[in-house]
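S.K.: Got a sequence here, can you build the structure:
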Amino acid sequence: MTNPSALSGTTSTGLAPNIAGTLAYVLGPITGVIFLVLERENRFVRFHAAQSIVTGVLMIALSIGLSIVSTMLAFVPILGWLAAILLSFVIGFGSLALWLVLMWRAFQGDEWELPVAGALARRLAPARVAS
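M.R.: Now for the predicted structure:
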């Protein structure tokens, strides 16, 4: 859903909301935490920062799981190796595509909510009142 306030005004970081929302995804959980801590008022930026954190942590967990599965598949000659390589490429390119789409949607002013990560992000980053 497009958020009209995401394309106008400023945030407590001094950036336009759509720029801050996009930058929250750049380094995954790292920039997500930075923007979640720095942004006090803008619900749009806080949502994207929280979704960046949740998505990044889930991707790290998926990567660890993929490493374990790839290690087990490495014991199966040829077919296991090919399956591990194919699985790595699919997960890697899928993650890259998701990262780019999330940044693009934030830049466009959309609060695009991922099925699992979005719901967790909404609970992680309720809008705060500036103190």
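S.K.: Tell me which residues touch Ile60, please.
M.R.: By CB atoms under 8 Å, 6 or more residues apart in numbering, Ile60 lies in contact with Pro29. For every residue, glycine as well, the C-beta is placed using N, CA and C.
S.K.: element containing the most centrally placed residue in the chain?
M.R.: Ranked by distance to the mean C-alpha position of the chain (CA atoms, centre = their mean), the top residue is Ser52 at 3.0 Å. Remark: Ser52 resides in helix 43-73, with elements defined by DSSP states H and E.
S.K.: how about that helix: buried residues?
M.R.: 43-56, 59, 66, 70, 73 (16 or more other CB atoms under 10 Å).
S.K.: for the most far-flung residue of the chain relative to its centre, helix, strand, or coil?
M.R.: Residue farthest from the centre of the chain, counting by CA atoms, centre = their mean, is Pro77 at 35.6 Å. Counting by DSSP: H, G, I helix; E, B strand; the rest coil, the backbone at Pro77 sits in coil.
S.K.: how far away is it from Ala83?
M.R.: 11 Å (CB to CB, to the nearest Å).
S.K.: Kindly report the same for Pro115.
M.R.: 26 Å.
S.K.: so where's this protein shaky on pLDDT?
M.R.: For the chain, the stretches with pLDDT under 70 are 1-7, 127-131.
S.K.: One more pass at 50, please.
M.R.: 129, 131 (pLDDT under 50).
S.K.: just checking, Pro29 touches Leu58?
M.R.: No: Pro29 lies out of contact with Leu58 (CB atoms under 8 Å); the separation is 10.0 Å.
S.K.: Tell me the first helix or strand C-terminal of the helix holding Ser52.
M.R.: Using DSSP H and E, the next helix or strand after helix 43-73 towards the C-terminus is helix 79-107.
S.K.: Buried residues in the next helix or strand after that next one, which are they?
M.R.: Where DSSP H and E defines the elements, the next helix or strand beyond helix 79-107 is helix 117-124. By 16+ other CB under 10 Å, the buried positions in helix 117-124 come out as 117-118, 120-122, 124.
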